[in-house]
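build the 3D model from these lines:
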Amino acid sequence: VQLVESGGGLVQPGGSLRLSCTVSGISWDSTAIDWFRQAPGKERESVSCLSGRDASTYYLDSVKGRFSISRDNAKNTVYLQMTNLKVEDTAVYHCATARYGMCPAYEYDFWGRGTQVTVSE
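Numbering: from 1, shown residues only. Purely as a prediction, here's the structure:
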């Protein structure tokens with residue numbers, strides 16, 4: 001299983017970014033893909049999750065209405081569209097396969113190296 005993130009960068013508050021997670025080696029029907037973030041000095045937190053079984057989604061309360069998760073089966077890619085970004089969204093964002101294939105995810109089996117998102121003036 002391999003997951004590769006891309007799309008991070010530096011953006012001003014209120015700006016937007018779209019993160020991509022290209023996945024290989026999984027069965028989409030039984031796998032949930034989770035985006036989690038890790039900021040220095042803070043605990044890891046699950047931001048969003050997409051279930052492969054029923055397409056249900058999960059969002060962290062602080063990102064509801066601003067972030068959107070989706071999947072392109074043809075490209076084996078899961079996206080995280082982030083709008084109205086805030087300084088507190090600054091973190092390294094990783095995508096991962098959720099243990100037990102369920103959302104929200106609290107444990108992971110595989111994850112990528114991550115992509116840095118920095119929201120700053």
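
contact partners for the spatially most central residue of the chain?
By Cα atoms, centre = their mean, the chain has its centre lying nearest to Trp35, at 2.3 Å. Neighbouring residues of Trp35 by Cβ atoms under 8 Å, 6 or more residues apart in numbering: 19, 21, 46-49, 69, 78, 80, 93-96. For glycine as for every other residue, the C-beta is placed from the backbone atoms N, C-alpha and C.

neighbour-wise, give me the winner out of these.
Among the contacts of Trp35, the one with the most neighbours (other Cβ atoms under 10 Å) is Cys95, at 31 neighbours.

need the contacts of Trp35 in CSV (columns: pLDDT, secondary structure and distance to Leu10).
Listed next are those as CSV, based on pLDDT from 0 to 100; DSSP: H, G, I helix; E, B strand; the rest coil; distance: Cβ to Cβ, whole Å:
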residue, pLDDT, secondary structure, distance to Leu10
Leu19, 98, strand, 14
Cys21, 98, strand, 20
Ser46, 96, strand, 24
Val47, 97, strand, 19
Ser48, 98, strand, 21
Cys49, 98, strand, 26
Ile69, 98, strand, 22
Val78, 97, strand, 23
Leu80, 98, strand, 17
Tyr93, 98, strand, 14
His94, 98, strand, 18
Cys95, 98, strand, 20
Ala96, 97, strand, 24
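
which residue packs closest to Trp28, ignoring adjacent ones?
Closest residue in space to Trp28, ignoring its immediate chain neighbours: Gly52 at 4.8 Å, by Cβ to Cβ, 6 or more residues apart in numbering.

burial count for the one you found?
Burial of Gly52 is recorded as 21 neighbouring residues (other Cβ under 10 Å).
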